[in-house]
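Sharing a sequence plus its predicted fold:
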Amino acid sequence: MLAETEQKLITVEIMGKKYQVPDGMTVIGTMWYTGHNVTRGVGCLGGVCGACATVYRTKDDFALKVGLGCQMGVEDGMSFFLTPFYPAAKPNYKIEEIEHPKEELFKYFPEALNCRNCNACNKVCPQDIDIKGAVKDAVKGDFEAAADKALSCVMCGLCVSRCIAEMAPNMIALYARRTWSVFYATKHERLDRQIEDIKNGRWNDEWGKIAALDEAGLKEYCKARR
């Protein structure tokens, strides 16, 4: 049995070079441990921002797989690399200027009709989203269903890299999420009041007090608010 101070080492391959690293680390942690100066592909470290999309292959398995580097643990024999940013066709639109969301989908994303049902986007999604289904729902005008399917999308862009129909499925899903929340979702009066209060400066003094606190003061402030 290993002593408490000892760590089990495993072998991983990062961009073609092998390293010995402690077991139990994440992909991002492993890259930092091995001396890689990772300044791109790192954001929230909480599986939210999608910046750390990773392509990997496990030992004795031919299949290429994908995941988020900040959440995914390494294993012995794994080979991986962080993907670059995938530039996507990104139309410019302002939600407040949209009048007919369902019709204007095709103004900004005419390629949405070109889906070939190849399922490549679903296979590559690290969040296991039915992104193909979300695009289909958006095309049908069912933005609620599209938004629901794509709710956990972190905009990593991996679906863009695989789409043979030359579209950005994540951008279409994002349009559906935005327009659903603005035009169709149930409005919450309390939230609207809070937004108006913020705009009118109701909390400015309170925020000023919070900004002036040091770390110990913030802890005390939070305890008092429980």
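Yep, it's here. Residues are numbered from 1 along each chain as shown.

What residue spans form the domains of this protein?
9-82, 95-184, 189-225 (automatic domain parsing).

Phi and psi next, for Leu68.
Leu68 has phi and psi values of phi -100, psi 120 when expressed as degrees, to the nearest 10.

Quick check: the most centrally placed residue in the chain vs Ala53, distance?
By Cα atoms, centre = their mean, the mean C-alpha position of the chain lies nearest to Val154, the distance being 1.7 Å. For Val154, the distance to Ala53 (Cβ to Cβ, to the nearest Å) stands at 9 Å. Yep, even glycine has a C-beta here, placed from its N, CA and C like the rest.

list the contacts for Tyr15?
Quick fix: residue 15 reads Met, not Tyr. Phe81 (Cβ atoms under 8 Å, 6 or more residues apart in numbering).

now do Glu220
Counted by Cβ under 8 Å, 6+ apart, Glu220 has zero contacts.

Quickly find the element holding it.
In this structure, Glu220 sits in helix 215-225 according to DSSP states H and E.

If you count neighbours, what's buried in that helix?
Neighbour counts over helix 215-225 (16 or more other Cβ atoms under 10 Å) mark no residue as buried.

any chance of the domains of the chain in TSV, plus distance to Ala89?
Shown next, in TSV, are these (distance: least, Cβ to Cβ, whole Å):
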stretch	distance to Ala89
domain 9-82	18
domain 95-184	6
domain 189-225	32
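
what stretches of this protein score poorly on pLDDT?
For the chain, the stretches flagged by pLDDT under 70 are 1-6.

about what we covered before: which one is the residue nearest to the centre of the chain nearest to, not counting chain neighbours?
Nearest residue to Val154 in three dimensions, chain neighbours excluded: Gly50, at 3.2 Å (Cβ to Cβ, 6 or more residues apart in numbering).

before we move on, what about Glu104?
Counting by Cβ to Cβ, 6+ apart, the residue nearest Glu104 is Ile98, at 5.4 Å.

In contact with that neighbour, which residues are there?
104, 179, 183.

What values do phi and psi take at it?
Dihedral angles (degrees, to the nearest 10) for Ile98: phi -80, psi 130.

From Thr26, how far off is it?
In terms of Cβ to Cβ, Ile98 sits 40 Å off from Thr26.

And Lys219, by the same measure?
For Lys219, the distance to Thr26 - Cβ to Cβ - is 28 Å.

Is Asp60 in a helix, a strand, or coil?
Three-state assignment for Asp60 (DSSP: H, G, I helix; E, B strand; the rest coil): coil.

So what's the residue count around it?
Using other Cβ atoms under 10 Å, Asp60 has 6 other residues around it.

what about the closest residue to it other than its chain neighbours, how many residues close to it?
Leaving aside its chain neighbours, Asp60 sits nearest to Gly77 (7.2 Å; criterion: Cβ to Cβ, 6+ apart). By other Cβ under 10 Å, 15 other residues sit near Gly77.

Can you give me every residue that contacts Gly77?
Per Cβ under 8 Å, 6+ apart, neighbours of Gly77: 10-12, 58-60.

Pop out the phi and psi values for it.
Here Gly77 shows phi and psi, under degrees, to the nearest 10, equal to phi 90, psi 0.

Contact partners for the residue nearest to Cys52 when sequence neighbours are not counted?
Distances taken as Cβ to Cβ, 6+ apart place Gly69 nearest to Cys52, at 3.7 Å, with adjacent residues excluded. Neighbour list for Gly69: 26-28, 31, 41, 52-54, 80, 82 [criterion: Cβ under 8 Å, 6+ apart].
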